[in-house]
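Asks: Output the structure for:
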Amino acid sequence: MQYERRPRLTPAIADVRRAVRAVLPADGLVLVGLSGGADSLALAAAAAFEAHRAASGGVRAGAVIVDHGLQARSADVAATAAAQARGLGLHPVLVLAIDVPSGTDGPEAAARDARYAAFERALAQTGAVAVLLGHTLDDQAETVLLGLARGSGPTSLHGMAARSGPWLRPLLGIRRAQTHQFCADAALTPWHDPQNLDPRYARVRVRQAVLPMLERELGPGIREALARTAEQLREDADALDALVPALLDGLPAGLPAGRAPGCRLPAADLERQPAALRQRMIRAAVQRTFGISLDRTHTLMAARLVTDWHGQGALDLAGVRVVRQDGDLVFSSPGPAPIEGHFRSHGTPRHS
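Replies: Purely as a prediction, here's the structure:
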């Protein structure tokens, strides 16, 4: 279907187009991450239409298809998706074949990481400013429920962001049924991924069994409620995260002269903060200094040197050593000697 052969405007087509229109930049190239499934195919068709409609403004739309090579005939599926993208008027259309390595967090996480790495390559190759991803409200609800079941904390519970760097997710307010209806209304034939029916995957069990059971027992609207919860938690998390850089910059923390990277945070200053900010400050200081993301368990272990101090020794936390010394939490690379002396975050000595 070329965009010149416009289908009849139905509610599903109008809703998806409106969602895409709201996120398109004023100019530049955007790429649609296209798998060939109903969600990404509806997204691709809407992006092609909206880019053509706004062509005078300079925005252009292309597509990137990632062939994970994990299923039989995956190259044929990728080729079909590429042909559909060209038929919609998308340009350029990239097909990237990738190898998915074994990952410690399971095959789904490994495939996701490899896919995003391919998207980054596509951005570099084309000079595109963003990749549009076809995650729907249903995907958001499933993500939140899985995070809740795993006890993953607010990072998982606030789900996927509509905008995160070059990743744009315009369909987070659109139900999966709407993307299927879009394809039917626009005479598009989506690919049906057999893995979406495989109960070995937790997300499939949530989709097929858990969420339907919750709606039967608690009433309709569970998916929308979970998506609203994610949005509210993201707003709160963003507000707290925005406070952390200024709080850290006001503390004596930095690189000790003549040693590997390290920093120190006054325990009294950390103790005055609410737990949510104290833990964010610890994680941010470690990330800033070492480029390491502490998980919640390690963050709480470090925080207990502030809130439950009774002379504990040094802790080794995923490549970072922390010890309480002279009223400070001292973070360093693993090694025998603690940091001595106080330094500000930009190397300015602290004056007494």
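Asks: What does R60 show for phi and psi?
Replies: Backbone torsions for R60, taken as degrees, to the nearest 10, come to phi -130, psi 150.
Asks: cool, V323 as well?
Replies: The phi and psi values for V323, taken as degrees, to the nearest 10, are phi -140, psi 150.
Asks: Specify the beta-bridge partners of it.
Replies: Here V323 sits in beta bridges with V330, as judged by DSSP bridges.
Asks: for this protein, what spans make up the helices?
Replies: Assigned by DSSP state H, the helices in the chain fall at 11-21, 38-53, 74-87, 107-126, 137-150, 154-157, 176-185, 202-205, 211-218, 222-249, 267-272, 275-290, 296-307.
Asks: Can you flag the weakest of the ones you listed by average pLDDT?
Replies: The minimum mean pLDDT among these belongs to helix 154-157 (a mean of 70).
Asks: now A318, nearest residue through space, not along the chain?
Replies: Nearest residue to A318, sequence neighbours excluded (Cβ to Cβ, 6 or more residues apart in numbering): H298, at 5.7 Å. All C-beta spots, glycine's among them, are computed from the backbone N, C-alpha and C.
Asks: Based on its surroundings, how many neighbours for that neighbour?
Replies: The local packing of H298 (other Cβ atoms under 10 Å) involves 21 other residues.
Asks: What of E215?
Replies: The number of residues packed near E215 is 13, by other Cβ under 10 Å.
Asks: so how many other residues sit close to the closest residue to it other than its chain neighbours?
Replies: For E215, ignoring the flanking residues on the chain, the nearest one in space by Cβ to Cβ, 6+ apart is I222 at 5.1 Å. Applying other Cβ under 10 Å, we find 19 other residues in the vicinity of I222.
Asks: same check, this time on the one 5 residues further on
Replies: Burial measure for A227: 23 neighbouring residues, criterion other Cβ under 10 Å.
Asks: tell me the contacts of it?
Replies: Residues near A227 by Cβ atoms under 8 Å, 6 or more residues apart in numbering: L137, Q140, A141, V144, G159, L172, G173.
Asks: Show me the beta-bridge partners of the nearest residue in space to R121 that is not next to it in sequence.
Replies: Closest residue to R121 apart from its sequence neighbours, by Cβ to Cβ, 6+ apart: L96 at 6.6 Å. Taking DSSP bridges as the rule, L96 bridges to V66.
Asks: Test my guess that S35 contacts H192.
Replies: No - S35 lies out of contact with H192 (Cβ atoms under 8 Å); the separation is 10.8 Å.
Asks: Which of those two has more residues huddled nearby?
Replies: Ranked by neighbour count (other Cβ under 10 Å), S35 and H192 place S35 first, with 22 against 10.
Asks: From H91, how far out is the nearest residue to the more buried one once chain neighbours are set aside?
Replies: Leaving out its chain neighbours, the residue that sits closest to S35 by Cβ to Cβ, 6+ apart is A81, at 6.5 Å. Applying Cβ to Cβ, to the nearest Å, the value for A81 to H91 is 15 Å.
Asks: More neighbours: which of these two?
Replies: The residue with more neighbours, out of A81 and H91, is A81; 25 against 14, by other Cβ under 10 Å.
Asks: So that one versus Q325, what's the distance?
Replies: From A81 to Q325 the distance is 57 Å (Cβ to Cβ).
Asks: how about the residue nearest to E215, what does it touch?
Replies: Applying Cβ under 8 Å, 6+ apart, one finds that I222 lies in contact with A141, L211, L214, E215.
Asks: from memory the second one sits against G221, does it?
Replies: Just to be clear, that refers to L211. No - with contact defined as Cβ under 8 Å, L211 does not reach G221; the gap is 11.2 Å.
Asks: more neighbours, the two?
Replies: More crowded of L211 and G221, by other Cβ under 10 Å: L211, with 18 against 10.
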